[in-house]
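Visitor: Requesting a structural model of the entry that follows:
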Amino acid sequence: MIIVENTIKTIEQKALDILSNYEGSNNYLLKLQNNLKTNKKFYPTRAQSDYILNYHTTNPKVAKKWVDLDFYFSKKFADEKLLVSIPKQLWVEKILVEKDTSYHIWGKFFSGDTIQDMWVPKSAIIKSNRTEPIEIDYIKYEHRPPLSHQKEAIEKLTSNKKFILADDMGLGKTTSTIISSIETKSKKILIVCPASLKINWFREIQNYTDRSIYICEGKKYEDADFVIVNYDIIKNFHDPKNKEESILLKSNFDLVILDECHYIKNSQAIRTKLVNDFVKNVDRLWLLTGTPITSRPIDYYNLLRLVDSPVSLNWQAYVIRYCGGYQFRVGGNKKIWNTNGATNLDELRERTSLQILRRLKENVLDLPEKIITPVYLKLKSKEYEELMGEYFDWYRNKRDESSSLTIQFSKLMKVRQVIANEKVESTIELCENILEQDKKVIVFTNFTDTLHRIHSHFGKKAVYLDGSCSKIARQHAIDEFQNNDKIKVFVGNLKAAGVGITLTAGEVIVMNDLSFVPSDHAQAEDRAYRYGQKNNVLVYYPIFENTVEGAIYDILSHKKQIINQVMGDNLNNGDIVEEIMSKINSMI
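Guide: So this is what the prediction gives:
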């Protein structure tokens, strides 16, 4: 009988063989090797054995430098390791192993400590994109000198490769960014912005340089020092599935500027995916927005991800910590994340403070006071009553269908149009009174029919701007209102005319009808309430009380500052549309 000796070794035995012969420079493995030599009873744990087997051939990277620690993780390290004080930095002697989300580090927290091994999440280390501060000679900009607050923005941008400039509307982000781009000596600059702002960018660039500028239209593209493209046509110049033919990638931009970057807050939107894809390897990326979060911290996530913020490295951790995120089941085993909440906002502001500059107008410039006044009106409309009666009957009797917020919202669209049209006469009357006081007035509405009725009433005294206007017509309307004393009224669509343009010739704004989004109104109000305004700005909201509009206005008034909590103001929980619909439905 032949006896075959069992030579199959356990993982621990294999690890011991490797460890006894290890000649590398991984200090953790050398420490284990020393334990093996000095302690006859030493036997590696399964975790130690796995580490030995997986990383004995990995060469550590020598770092020898202090790195900044994220404040959240600093506190966590202090608690877990019973440190006397909260560390602000970590000395990294070596990176022993790098995994997808963490580093195995040979280092210490304080200069007097003994170096040891530790696992550190990548998101705990603040990766600075900073370059050496650039000495800026502002004399060359004497023809259009930046203001003191703009100089701070310029110096922040020039010394940071990836950064969010989130100054309040009207503080001159465009000017600051153009001067910064010149100061960094960037050779090829791509500006992505809403279509309505392309001419604004073109004109502003011309104020500071004679370098070549090209505005992309449709599928037309030409190489230039400054290339301006709107979000909606990016797909014509970049296809993630065919990167070899991508015009944007071939152009080798060394600076990309994303204006009104809240346009790409939704990570699932096609334009967001396109932008995220082509900016991956850009050396400099600056994001501009007056509304970094339009209603919830989840809206902030993609912007932070683009500037490599540590808090964005783990989506799940972000939504749990800052969005009150949780999973729930739908349709059996399918799980969906709810990310509509807002939690730990002070901590979020602290953790992102190095990558964003946010100033409010009232804290920077001596702008005149903006006074917002509701003007309550009585509505006498059989059509409104009939439509609301039909809506409430549908809501009560079609419970399966009416549980959808989207359907509820669409059912009320006709109601909102009726309210907008019913209010035109009151709006015109209010405007006429304003004109009698020799003041220019701006009117905003959501509906095309309403816009044209108001514009038609004022005739040659008025200009209008809606989504159908060409770039030239848009700019002509703005210039006429700003510079022509005979043009007294500007009538604009809330979406098309409510962002990115300057209407400081107007002292009074009338909101004919309401959007469901508070930031839409904040943006529109600030077309007149911005730098260059020398007078008080009055904003009138004509409101039909005891209607769905009254319910909308009450919630919008309460929510109006929601976009600024992470920057230091007030933020409220919940989805605005859901809250509005809930209030309307409770009126039954």
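Visitor: Identify the residues contacting the closest residue to A462 other than its chain neighbours.
Guide: Excluding the flanking residues, the one nearest A462 by CB to CB, 6 or more residues apart in numbering is V489, at 3.9 Å. Heads up, the C-betas are built off the backbone N, CA and C, glycines and all. Applying CB atoms under 8 Å, 6 or more residues apart in numbering, we find V489 in contact with C431, L435, K440, V441, I442, V443, I454, H455, F458, K461, A462, V463.
Visitor: The last one and L538: what is the separation?
Guide: Between V463 and L538 the distance, using CB to CB, to the nearest Å, works out to 20 Å.
Visitor: Which SSE is immediately downstream of the lengthiest helix in the chain?
Guide: In the chain, with assignment by DSSP state H, the single longest helix is helix 382-397. Counting by DSSP states H and E, the element after helix 382-397 in chain order, helix or strand, is helix 399-402.
Visitor: which secondary structure elements does that following helix contact?
Guide: helix 382-397 (3 or more CB pairs under 8 Å, 6 or more residues apart in numbering; DSSP states H and E).
Visitor: Output the helix it packs on as PDB, nothing but the C-alphas.
Guide: Extracted as PDB, the C-alpha positions of helix 382-397 are listed here (Å, rounded to 0.1, in the frame of the first residue of the first chain):
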ATOM      1  CA  LYS A 382     -66.400  80.800 -14.200                       C
ATOM      2  CA  GLU A 383     -63.700  79.000 -16.300                       C
ATOM      3  CA  TYR A 384     -61.400  78.800 -13.300                       C
ATOM      4  CA  GLU A 385     -64.100  77.400 -11.100                       C
ATOM      5  CA  GLU A 386     -65.200  74.800 -13.700                       C
ATOM      6  CA  LEU A 387     -61.600  73.700 -14.300                       C
ATOM      7  CA  MET A 388     -60.900  73.300 -10.600                       C
ATOM      8  CA  GLY A 389     -64.200  71.500 -10.100                       C
ATOM      9  CA  GLU A 390     -63.200  69.000 -12.800                       C
ATOM     10  CA  TYR A 391     -59.800  68.700 -11.300                       C
ATOM     11  CA  PHE A 392     -61.100  67.900  -7.800                       C
ATOM     12  CA  ASP A 393     -63.600  65.400  -9.200                       C
ATOM     13  CA  TRP A 394     -60.800  63.700 -11.000                       C
ATOM     14  CA  TYR A 395     -58.600  63.700  -8.000                       C
ATOM     15  CA  ARG A 396     -61.300  62.200  -5.700                       C
ATOM     16  CA  ASN A 397     -62.600  59.600  -8.200                       C
END
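Visitor: Could you count how many residues lie near N276?
Guide: By other CB atoms under 10 Å, the residues close to N276 number 15.
Visitor: Next, it: phi, psi?
Guide: phi -60, psi -40 (degrees, to the nearest 10).
Visitor: which residues sit in contact with it?
Guide: N276 touches I264, S267, N302, R305, L306, counting by CB under 8 Å, 6+ apart.
Visitor: which residues touch the last one?
Guide: Think L306. Contacts of L306 by CB under 8 Å, 6+ apart are K162, L258, C261, N276, V279, L285, L287.
Visitor: Could you give the separation of stretch 256-264 from the chain centroid?
Guide: 8 Å (CA atoms, centre = their mean, to the nearest Å).
Visitor: I meant stretch 87-99, not that one.
Guide: That offset, for stretch 87-99, works out to 31 Å (CA atoms, centre = their mean).
Visitor: buried stuff in it?
Guide: P87, Q89, L90, W91, V92, E93, K94, I95, L96, V97 (16 or more other CB atoms under 10 Å).
Visitor: before we move on, which element is V67 in?
Guide: strand 61-68.
Visitor: Okay, domains of this protein per the record?
Guide: Using automatic domain parsing, the domain ranges for the chain come out as 1-59, 60-126, 138-364, 370-585.
Visitor: Check which helices and strands the longest strand along the chain sits against.
Guide: Secondary structure of the chain per DSSP state E: the longest strand is strand 89-98. Counting contacts by 3+ CB pairs under 8 Å, 6+ apart, strand 89-98 packs against helix 27-38, strand 61-68, strand 102-108.
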